[in-house]
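# Build me a model:
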Amino acid sequence: MGIANIRKELNKHDKDGLIDLIEYLYKNDKYAKEYLNFYINPNEAELFSRYKTKVYEAFFPKKGHKIRLAQGKKAIAAFKKFDTAKDLLADLMLCYAETGIVCVYHYGHVSEAFNKSITGVYRQALTLMQEEHILDNFAERAEKTLKDSKDVGWGLYDDLLLIYTEFYA
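Modelled structure (predicted):
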């Protein structure tokens with residue numbers, strides 16, 4: 001069903017019916033609840049803090065020791081849907097790469113897939129920064145992320161260096 005069909009169906013309802021539908025979504029869908037809360041009170045700093053914690057917990061879960069890269073990426077994708085300031089999205093992506101490197105120092109080398117995930121999100125972050133003309137705002141952190149990966153091994157530093165030099169020649 002497309003947006004045109006949704007509009008057509010929604011136009012059939014009166015105001016009270018639409019309010020009932022929104023209340024139902026709010027009560028029964030976690031993402032809808034979070035989105036509506038943000039829509040009513042758009043506190044980007046609080047939202048960013050919450051999603052930064054989700055990214056951190058993907059690498060350092062409260063329970064157990066299993067790294068959940070997909071959860072970290074899912075947090076970034078969900079944050080993106082709120083259409084916040086692009087510098088916050090770039091910041092969150094860079095947090096993913098930074099936290100991943102800290103994770104390697106904590107647990108030791110994880111896997112090649114882990115490295116690809118870190119480098120992929122690092123590239124996405126720098127690409128977004130370039131598109132938004134904010135590379136200079138993140139230059140120090142992007143370089144620190146690169147330097148922090150130097151002793152990790154398994155080619156992570158080399159991969160990040162290639163990406164870094166594409167954006168910061």
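# residue boundaries of the helices in the protein?
Secondary structure of the chain (DSSP state H): helices located at 3-11, 15-28, 30-40, 44-59, 69-81, 86-107, 112-131, 139-148, 156-167.
# Quote the end-to-end distance of stretch 1-19.
21 Å (C-alpha to C-alpha, to the nearest Å).
# so how far is it from its chain's centroid?
31 Å (C-alpha atoms, centre = their mean, to the nearest Å).
# and it, what's its mean pLDDT?
Taken as a whole, stretch 1-19 has an average pLDDT of 87.
# quick revisit: CSV please, covering the helices of the chain and showing mean neighbour count.
Backbone N, C-alpha and C define where each C-beta goes, glycine included. Listed next are the helices of the chain as CSV, based on neighbours: other C-beta atoms under 10 Å:
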stretch, mean neighbour count
helix 3-11, 9
helix 15-28, 11
helix 30-40, 13
helix 44-59, 17
helix 69-81, 17
helix 86-107, 20
helix 112-131, 19
helix 139-148, 16
helix 156-167, 17
